[in-house]
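> Quick one, what's the 3D model for this:
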Amino acid sequence: MKADRYRFDGAQPCHLRELPCDSKRDGVDKERILEKTARNLQEMAALQDALYADGREGLIFVLQALDAAGKDSTIKHVMGGLNPQGVRVTSFKQPNSEELSHDFLWRVHKALPPRGSIAIFNRSYYEDVLVVQVHDLQKTYRMPPRTLEDDRKDFFKKRYRQIRNYEEYLYENGYRVVKIFLHVSKEEQKKRFLERIDNSSKNWKFSMSDVKERAHFEEYMDTFETVIEETATEHSPWYALPADQKWYTRYLVSEIVVDALRRCCHEYPQLHQDALAELKDCRTKLEAEE
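Numbers count the residues shown, from 1 in each chain. Down below sits the predicted model:
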C-alpha cells in the first residue's frame, strides 16, 4: 500500500524534510484516490463490526501534528464511517492539576477502550516529549529531585524508553498501537491560519498561541524526527503522512486503518451446538406465530 512509503518501524532513520507534504511525488490521480478511499471506508466498517464481535483485540490510533495539519477533519472524514458504539475519541488538551499530579501516562491509560473497540487519540502522551521538550516544561514538574537531576537529553531518553515499554506492554495485552504524524508544510500551515482568520465560521479555531507555536516550527520538526526514530517499533510503527492535500491524507489514513484492522482478530464468535439448537427452536416459534 502507498502508506508503507511513509512507515517507520525503527529499521530506518526518519528525515522529515526529505519527505513530501503533498501527493506529487506519488503521481496519483485524485479521482481514483477518492474512489479507493470510499472503498476503504466500506471495508473499515465491515472489519470493525467483526473486531467488535470478536472482542479479543483493541486498536489505538494516535494522531500527532502541528496546528492546522488536519487532525480533526481526518478523524471526521475517515473515522466517521465507523460505528460510534465501538469507537472512543479522546482529545488530550493541556493537562489539568489532577493529571499533573500523576505520571504522564496516567490520563492516557484511563482512556484505553475495552478490547474489541477502537481508540482515537487526538494528541496523546507524545505531547510530553514534544511540547514539553520544545518549551523545557519538565523543569516545572513537581517531582522528586532524583527524577529531574538528569540533563535535558537524558531526561527525554528515559521518556522514550518508557513510551516504548508502555506500547510493548499494550501489544502484549491485546492492543495494537498505530501512530500517525500529519506532515504539513510551513507554507500550507500559514495558508490555513490565514483562512481561519478570514473566514468567520473558522475564527473559533484560531488562537494567538498558534502563531507563537509557529515560531518554533523548525524546532518541532527536529523534535518530531527524534521522537519518531526513538519510539518507532515493529509492533507500534509511525507513519509520517503528507498533509498538505487533505483528500490524499485521508486516503492514506484509510489505508492504514484497513491494514491495521486486517491484522487484528476479527472472527465472528461461533455458537455451540446447544445455542444453535436454541436458535432453531426460536425460529420455529416465530414462524408459527399468526
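> Show me what the strand or helix carrying Gln48 packs onto, helices and strands only.
Using DSSP states H and E, Gln48 maps to helix 30-54. Packing partners of helix 30-54 (3 or more CB pairs under 8 Å, 6 or more residues apart in numbering; DSSP states H and E): helix 246-263. For glycine as for every other residue, the C-beta is placed from the backbone atoms N, C-alpha and C.
> For the helix it packs on, give me every contacting residue.
By CB atoms under 8 Å, 6 or more residues apart in numbering, the list of residues contacting helix 246-263 from outside reads 1-3, 6, 22-23, 26, 28, 30, 33-34, 36-37, 40-41, 43-44, 47-48, 51, 59, 61, 70, 73-74, 77-79, 176, 178, 180, 182, 239, 241-243.
> can we see that at 6 Å?
Outside of helix 246-263, the residues that reach it under the criterion CB atoms under 6 Å, 6 or more residues apart in numbering are 1, 3, 23, 33, 37, 40, 43-44, 47, 59, 70, 74, 77-78, 178, 239, 241, 243.
> same deal with stretch 52-64?
Residues outside stretch 52-64 that contact it (CB under 6 Å, 6+ apart): 71, 86, 113, 115-122, 124, 126, 174-181, 260, 264-268.
> Out of those residues, which sit inside helices?
Counted as lying in helices by DSSP state H, out of the contacts of stretch 52-64, are Lys71, Ala260.
> Please indicate which of the contacts of stretch 52-64 are buried?
The neighbour-count test (16 or more other CB atoms under 10 Å) marks 71, 86, 113, 115-122, 124, 126, 175-181, 260, 264, 266 as buried among the contacts of stretch 52-64.
> so of the contacts of stretch 52-64, which ones are in strands?
Residues of the contacts of stretch 52-64 located in strands (DSSP state E): Ile118, Ala119, Ile120, Phe121, Asn122, Tyr175, Arg176, Val177, Val178, Lys179, Ile180, Phe181.
> All good on my end, thank you.
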